[in-house]
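Engineer: A predicted structure for the sequence below; I have some questions about it.
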Amino acid sequence: MATVHLVDGTFELFRCFHGSPRHTNSDGEEVGAVRGLLHTLLSLLKGVRTRIDDPDPVYVAVAFDPLPATRGPPSEDPGTLIRRQSALALEAVRALGIRLWPMVRFQADDALATGARVLREDIDVEQVVLCTTDTDLFQCIRGGRVVVLDRIRKAVTDEVAFRKRYGVAPWQLPDYLALVGAPAKGLPGVPRWGPKATAIMLHEFGGIEDFPPDGDDWPATLAGRARLQHELAARRDEALLVKRLAALRDDLPLDCTLAGLAWPGLDEPRFAAVVARAEADDLWARLDRWRR
């Protein structure tokens, strides 16, 4: 049975930009984030394959948001510096031999959600591990079959952990966010709707669309249900819009087969070229140790 790792490449690139030393190569290009990306993705591969020549298959893909390269004079703006490294970052993933999902119209989250949906239905897949810190991907969790891994904290969120934190099922997360809100994500929520009331209603009825219009039909145990019903009635259309915005696409035309995600090994010539451009020669020693 296969374990598949699907990685939020955009997050990894941003994390490496802010967490790795800045480095300008001999051509004057900032490549520090790509150097960090090479190291962290190599660590991922080494974590699932003890030796580079082990026969057990490895299944992995990396998805990126649209990150168009910028033009113009040199800039110290972090966003600009990251986007200037995006093309090399994609090439680094290809050089590592990892399946690349570069998005154009959609976001990396949508690619990961698509992979999670397709792969959890594959009888040959034991587990799908979504490598990200983005809680939006929590909606993809299913039991222990689809989990989210925070590689920084080495913390895994499965359905038991999710329900303990939110009090609802993972697939109800868009409804939860539409009612409770998430200011950091720009989601306003509905006044007076907190986690407890939201969990009670979603547990009872499933989704916002299924809430009875008459508050008298809501659970008697729900405190302040008249006020809650009034606030939701005033903002129901807005809440449903937020729900749609919070829900990830899971129907993108991606190759999510195990055959398509099987890691074939490094593309050695390509890898050597990327390492040279990123001036990341310390990777060779790590590879030598992996080969032993």
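Structural biologist: Received, thanks. From a predicted model like this one, the values you see are computed outputs, not experimental measurements.
Engineer: now do the strands in the stretch 1-150 of the chain.
Structural biologist: Remark: strands assigned in the stretch 1-150 of the chain by DSSP state E, counting those that start in this stretch are 2-8, 59-64, 99-102, 125-131, 146-150.
Engineer: quick check: angle from the second one to strand 125-131?
Structural biologist: The reference is to strand 59-64. Between the direction of strand 59-64 and that of strand 125-131, the angle (axes from the mean of the first three to the mean of the last three Cα atoms, to 10 degrees) works out to 30 degrees.
Engineer: output the below-cut-off pLDDT ranges for the protein.
Structural biologist: Counting by pLDDT under 70, the chain has low-confidence residues at 69-75.
Engineer: ok, longest helix in it?
Structural biologist: Longest among the helix segments of the chain by residue count, using DSSP state H, is helix 225-246.
Engineer: how about that one: buried residues?
Structural biologist: 225, 228-229, 231-232, 235-236, 239-240, 242-243, 246 (16 or more other Cβ atoms under 10 Å). To be clear about C-beta, it is placed using only N, CA and C from the backbone, and glycine gets the same treatment.
Engineer: please apply the same query to stretch 105-117.
Structural biologist: For stretch 105-117, burial by neighbour count (16+ other Cβ under 10 Å) applies to 106-117.
Engineer: ok, back up a step: what sits up against the longest helix of the chain?
Structural biologist: The contact list for helix 225-246 (Cβ atoms under 8 Å, 6 or more residues apart in numbering) reads 136, 139, 173-175, 177-179, 185, 187-193, 197, 207-209, 211, 213-215, 218-219, 222.
Engineer: one more time with 6 Å, if that's ok
Structural biologist: Applying Cβ atoms under 6 Å, 6 or more residues apart in numbering, the external contacts of helix 225-246 come out as 174-175, 177-178, 187, 190-192, 197, 208, 215, 218.
Engineer: try stretch 125-142
Structural biologist: By Cβ under 6 Å, 6+ apart, the surrounding residues in contact with stretch 125-142 are 1-8, 11, 109, 112-113, 116, 119-120, 145-151, 159, 162, 170, 173.
Engineer: drop anything exposed from those.
Structural biologist: Neighbour-count burial within the contacts of stretch 125-142 applies to 2, 4-8, 11, 109, 112-113, 116, 119-120, 145-149, 151, 159, 162, 170, 173; the criterion is 16+ other Cβ under 10 Å.
Engineer: looking at the buried residues of stretch 105-117, which one is closest to Val31?
Structural biologist: Ala108 (21.4 Å; Cβ to Cβ).
Engineer: my guess is that closest one meets Val62, correct?
Structural biologist: No. Ala108 is not in contact with Val62 according to Cβ atoms under 6 Å; the separation is 8.7 Å.
Engineer: and for this structure, the residue most distant from the center?
Structural biologist: Relative to the C-alpha centroid of the chain, counting by Cα atoms, centre = their mean, Asp216 is the outermost residue, at 40.1 Å.
Engineer: so is it in a helix, a strand, or just coil?
Structural biologist: Three-state call for Asp216 (DSSP: H, G, I helix; E, B strand; the rest coil): helix.
Engineer: how close does it get to Gln229?
Structural biologist: As defined by Cβ to Cβ, to the nearest Å, Asp216 lies at a distance of 9 Å from Gln229.
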